[in-house]
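*Asks:* sequence first, predicted coordinates after that:
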Amino acid sequence: VKKCSLSGSWVNDLGSNMTIGAVNGDGNFEGSYHTAVSASPNEIKVSPLQGSMQRGTNQKGQPTFGFTVNWSFSDSITVFTGQCFVDNDGKEVLKTMWLLRSRVESINNDWKATRAGRNTFIRTG
Ligand SMILES: O=C1N[C@H]2[C@H](CS[C@H]2CCCCC(=O)c2ccc3ccc4cccc5ccc2c3c45)N1
């Protein structure tokens, strides 16, 4: 099976763009994320991401991964987790789920502080 690599540039179903650098020997990587959407009143800025992917030898080249985006323009954070697939046309697709934790003023508001969702990413360029 063609290997699926996370390095490079991706766009998701919301129009957000992400660029991931080289994956090091430990399976760790860094990159940047430019979200197309936000529920924050602040202007959206490119934000750093860091993550890891599984590189077990038993992988059929379709690794699982996780990464965290620290929203540089606000006091919130998103963790993505998913898997890199090669689809039937040989295209690489990242199927992910995410949790967005927003800062809330009081523990009484903790119940409404986490949003969850899914995103699919394909390569750009
Ligand atoms: O590509 C993708 N884009 C979206 C999905 C998952 S991540 C998400 C973008 C999140 C941007 C930060 C944000 O909305 C945000 C930032 C700061 C906030 C501060 C305070 C908040 C209080 C209540 C609710 C919020 C909801 C989102 C917030 C923030 C808050 N995929």
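*Replies:* Thanks, I have the structure now. Numbers count the residues shown, from 1 in each chain.
*Asks:* hey, let's count contacts and neighbours off CA atoms from now on
*Replies:* OK.
*Asks:* the residue most central in space within the chain and Pro63, how far apart?
*Replies:* Residue closest to the mean C-alpha point of the chain, counted by C-alpha atoms, centre = their mean, is Phe80 at 4.6 Å. Relative to Pro63, Phe80 is positioned 14 Å away (criterion: C-alpha to C-alpha, to the nearest Å).
*Asks:* skipping its backbone neighbours, what lies nearest Phe67 in space?
*Replies:* Spatial nearest neighbour of Phe67, excluding adjacent residues (C-alpha to C-alpha, 6 or more residues apart in numbering): Gly51 at 3.8 Å.
*Asks:* pretty sure the one you found contacts Phe29?
*Replies:* Yes. Taking C-alpha atoms under 8 Å as the contact criterion, Gly51 and Phe29 are neighbours in contact, 5.4 Å apart.
*Asks:* one step back: mind listing the strands the one helix or strand the residue nearest to the centre of the chain maps to pairs with, and their directions?
*Replies:* Under the criterion of DSSP states H and E, Phe80 resides in strand 76-86. The sheet places strand 76-86 alongside strand 64-70 (antiparallel), strand 92-102 (antiparallel), with pairing taken from DSSP bridges.
*Asks:* all strands for this structure, in order.
*Replies:* Assignment of strands within the chain using DSSP state E yields the ranges 8-12, 17-20, 28-34, 47-53, 64-70, 76-86, 92-102, 114-123.
*Asks:* burial of the residue nearest to Phe67, as a residue count?
*Replies:* Each residue near Gly51 was counted by other C-alpha atoms under 10 Å, and the total is 19.
*Asks:* quick one, what contacts it?
*Replies:* Applying C-alpha atoms under 8 Å, 6 or more residues apart in numbering, one finds that Gly51 lies in contact with Asn28, Phe29, Glu30, Phe65, Gly66, Phe67, Thr68.
*Asks:* now the residues you listed in JSON lines, with distance to Val11 and pLDDT?
*Replies:* Conversion of the contacts of Gly51 to JSON lines gives the following (distance: C-alpha to C-alpha, whole Å; pLDDT from 0 to 100):
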{"residue": "Asn28", "distance to Val11": "20", "pLDDT": "97"}
{"residue": "Phe29", "distance to Val11": "18", "pLDDT": "98"}
{"residue": "Glu30", "distance to Val11": "16", "pLDDT": "98"}
{"residue": "Phe65", "distance to Val11": "17", "pLDDT": "97"}
{"residue": "Gly66", "distance to Val11": "17", "pLDDT": "98"}
{"residue": "Phe67", "distance to Val11": "15", "pLDDT": "98"}
{"residue": "Thr68", "distance to Val11": "16", "pLDDT": "98"}
